[in-house]
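> compute the structure for the input listed below.
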Amino acid sequence: MNPVKEMALTRHILETAAGHPDRIAFCVGEERLSYRELVKGARHQAEVLSAWRRYHPPIIPGDQGLRLPVLLLGCLLSRRPYVVMDPTAPVLRQNQLIQDVEEAGPDLPGLAYLMYTSGSTGRPKGVQISRDNLDFFLSATRSLPLEPPGEAVWLTHAPWSFDLSVLPLWQGLSRGDRVVWLDTSRGVDFPRLAAEMAQSGATCWVSTPSFARLWLRDPTFREALLPRLSLFFFCGEVLEPSLVLALARRFPRARVVNAYGPTEATVAATLTEIPRELAEAGGPLPVGQPLPGISLAVLGENGEPLPPGQEGEIAIGGPGVGLGYRGLPELTRQRFFTRDGIPWYRTGDMGRLEEGQLWFHGRRDLQVKHRGCRIELADIEQNLLALPQVAEAVAVLLEDRLLALVVPAAGAAPTPPELIRGLRQRLPHYLLPERILPVAALPLTPQGKLDRREASRMAAEKMKGGRCDG
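Down below sits the predicted model:
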């Protein structure tokens, strides 16, 4: 008998399908999937997987449309973890993910999914999230200010290979709600997506701040387009007061929730509502109080807890912390630890705790957030160095622009467009630098190490000095 216990998530979905089989569960464009169809298809998928003799998780392309939740639910019903692969990633990147999934050994018992994030070695790394992690997260966020279960409509664009998608999909389905997914894989088609929004009846918007900021360019993006909208949920990057105020003008009845958390801690570990008055003060916004059951600490250089108000590395403890990185025991030991029987994760983010609220101050290493995606700058650098025309490379995030300084290899004179074309064969679109800036040499510290601060200054000067095509 399989020792993996049933999930509260799957039990709730099966109960909705039994009690309200014709209720719409999921929408993409004009297509609709009822709870009856969702569960029937998922049970068939579970039967197929139960007979599968391979031990690694099923890899599911993220372009499956209406079938996507069917396949994912089928994995959970069969007690197998799933992996969603970004269909827009280049073939090399997809092959790296497939190789990692297949070669890293048997799965840990009780996994729900593997979520791959940017890795400093130039290869993606798989974060292992358990069924208990996922059930805990859904229970801890059940108190979001939403319509009663079965009446909310979740609207999201988050790619299924990005962990922000976990909240609207699984919280929505576990509540018996409707989930509406906007397909932006081919770019943001404003007329098409606006029409889908207008038809959605959405009550809850889940996205990065960047996506909402993009829509504020459209004058039709206001309460008349989404008259039932009551909640904006943001996670994945810094939320700015100006965005909150702009949304308050367009959607005066909607509340705004700001959340924070890495993939390793199951989507989000903190959240807080941002009232208009706080945004009007103009200062940085808090990222929230810990979810029920989550512990937060701010650590000093030697891992010691710091008192409130002092800046240090943010650590997250509790049942939302995942099971480490697949096939990377040393990295897992560096970032995951146990204290007093509680699992903890060192985020690499800097911040402070003050009056029970967490404030985010940025990264302490080479990991950055760019337009909602977590990026290892070293990942871009390693893939630039893999191109034969490149001798040295450094990636920088300058304000909201992802840039790269490149020293050409001896005898080579690559143009920035040529290098971008080479990178497109190796990296997904969100890791591509906006500009590649050729330089004669990279700046070094007196100790002979790369001077990243000076590299950022050089990039800023070159961007001011003229147009640099990339």
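
> kindly export stretch 73-82 (C-alpha atoms) in CSV.
Extracted C-alpha coordinates of stretch 73-82, given in CSV (Å, rounded to 0.1, in the frame of the first residue of the first chain):
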residue,chain,number,x,y,z
LEU,A,73,-4.2,16.9,-10.5
GLY,A,74,-3.7,13.4,-12.0
CYS,A,75,-0.1,13.5,-10.7
LEU,A,76,-1.3,14.4,-7.2
LEU,A,77,-4.0,11.8,-7.2
SER,A,78,-1.4,9.2,-8.2
ARG,A,79,0.9,10.4,-5.4
ARG,A,80,3.5,11.4,-7.9
PRO,A,81,5.2,14.8,-7.9
TYR,A,82,5.0,16.8,-11.1
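
> model confidence over it, on average?
Per-residue pLDDT over stretch 73-82 has a mean of 95.

> and that stretch, how far out from the chain's middle?
In terms of Cα atoms, centre = their mean, to the nearest Å, the centre of stretch 73-82 is found 21 Å from the chain centre.

> quick one: the spatially closest residue to Leu182 that is not a sequence neighbour from Leu167, how far?
Spatial nearest neighbour of Leu182, excluding adjacent residues (Cβ to Cβ, 6 or more residues apart in numbering): His157 at 4.3 Å. C-beta coordinates here come from the backbone N, C-alpha and C atoms, glycine included. Distance of His157 to Leu167, computed by Cβ to Cβ, to the nearest Å: 13 Å.

> what do you get for Ser456?
33 Å.

> more neighbours, these two?
Leu167 (24 against 17; other Cβ atoms under 10 Å).

> run through the helices of the stretch 351-470 of the chain in chain order.
For the stretch 351-470 of the chain, the helices defined by DSSP state H, counting those that start in this stretch occupy 377-385, 416-424, 452-465.

> looking at the ones you listed, which is nearest to Glu330?
Nearest of the helices of the stretch 351-470 of the chain to Glu330, taken as Cβ to Cβ: helix 377-385 at 16.1 Å.

> stretch 263-274 spans what distance, first to last residue?
End-to-end span of stretch 263-274 (Cα to Cα, to the nearest Å): 23 Å.

> quick one: mean pLDDT over it.
So the average pLDDT for stretch 263-274 ends up being 97.

> cool, stretch 186-198 as well?
Mean predicted confidence for stretch 186-198 is 92.

> what does it contact?
For stretch 186-198, the external contacting residues (Cβ atoms under 8 Å, 6 or more residues apart in numbering) are 29, 155, 180, 182, 184, 214, 218, 220-221, 225-226.

> in stretch 296-304, which residues are buried?
Within stretch 296-304, the residues scored as buried using 16 or more other Cβ atoms under 10 Å are 296-299.

> just name the closest of these to Asp340, please.
Once Cβ to Cβ is applied, the member of these that ends up nearest Asp340 is Ala297, at 11.6 Å.

> can I assume that closest one is in contact with Gly318?
No: using Cβ atoms under 8 Å, Ala297 makes no contact with Gly318, being 11.0 Å away.

> which of the helices of the stretch 351-470 of the chain sits most buried?
For these, average neighbour numbers computed from mean count of other Cβ atoms under 10 Å are highest in helix 377-385, which has a mean of 22.

> average pLDDT across that one?
90.

> with stretch 204-215 instead?
pLDDT averaged over stretch 204-215 gives 92.

> max-length helix in this structure?
Determined from DSSP state H, the single longest helix within the chain is helix 35-50.

> show the subsequent helix or strand relative to it.
Downstream of helix 35-50, the next assigned helix or strand under DSSP states H and E is strand 59-61.

> so which bits of that following strand are buried?
By 16+ other Cβ under 10 Å, the buried positions in strand 59-61 come out as Ile60.

> could you do stretch 224-236 as well?
225-226, 228-236.

> repeat that for stretch 257-276.
257-272, 274.

> that older thread, farthest-separated two in the buried residues of stretch 224-236?
Arg228 and Gly236 (24.0 Å).

> sorry, back to before: now render the helices of the stretch 351-470 of the chain as TSV, adding distance to Leu49.
Formatted as TSV, those follow (distance: least, Cβ to Cβ, whole Å):
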stretch	distance to Leu49
helix 377-385	31
helix 416-424	34
helix 452-465	46
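
> out of the ones you listed, which comes closest to Val394?
Across the helices of the stretch 351-470 of the chain, Val394 has its closest neighbour in helix 452-465 (4.9 Å, Cβ to Cβ).

> on that earlier part again, let's see which of the buried residues of stretch 224-236 end up in strands.
Members of those lying in strands (criterion: DSSP state E): 231-234.

> burial check on Gln425, number of neighbours?
Neighbours of Gln425 (other Cβ under 10 Å): 13.

> once you drop chain neighbours, what's closest to it?
Closest to Gln425 by Cβ to Cβ, 6+ apart is Pro90, at 5.1 Å.

> what separates that neighbour from Phe336, distance-wise?
30 Å.

> what of Ser242?
36 Å.

> quick one: which of those two has more around it?
For Ser242 versus Phe336, the count of surrounding residues by other Cβ under 10 Å is larger for Phe336: 17 against 12.

> for that one, which non-adjacent residue is spatially closest?
Per Cβ to Cβ, 6+ apart, closest to Phe336 is Gly324, 5.1 Å.

> can you list the strands that the lengthiest strand in the chain pairs with?
Counting residues, the longest strand in the chain under DSSP E turns out to be strand 342-354. Here strand 342-354 is paired, per DSSP bridges, with strand 312-317 (antiparallel), strand 336-339 (antiparallel), strand 357-363 (antiparallel).

> and those strands, which is most packed in?
strand 312-317 (a mean of 24).

> for the helix or strand just after that one, name the packing helices and strands.
As assigned by DSSP H and E, the chain's next helix or strand after strand 312-317 is helix 329-335. For helix 329-335, the packing partners by 3 or more Cβ pairs under 8 Å, 6 or more residues apart in numbering; DSSP states H and E come out as strand 342-354.
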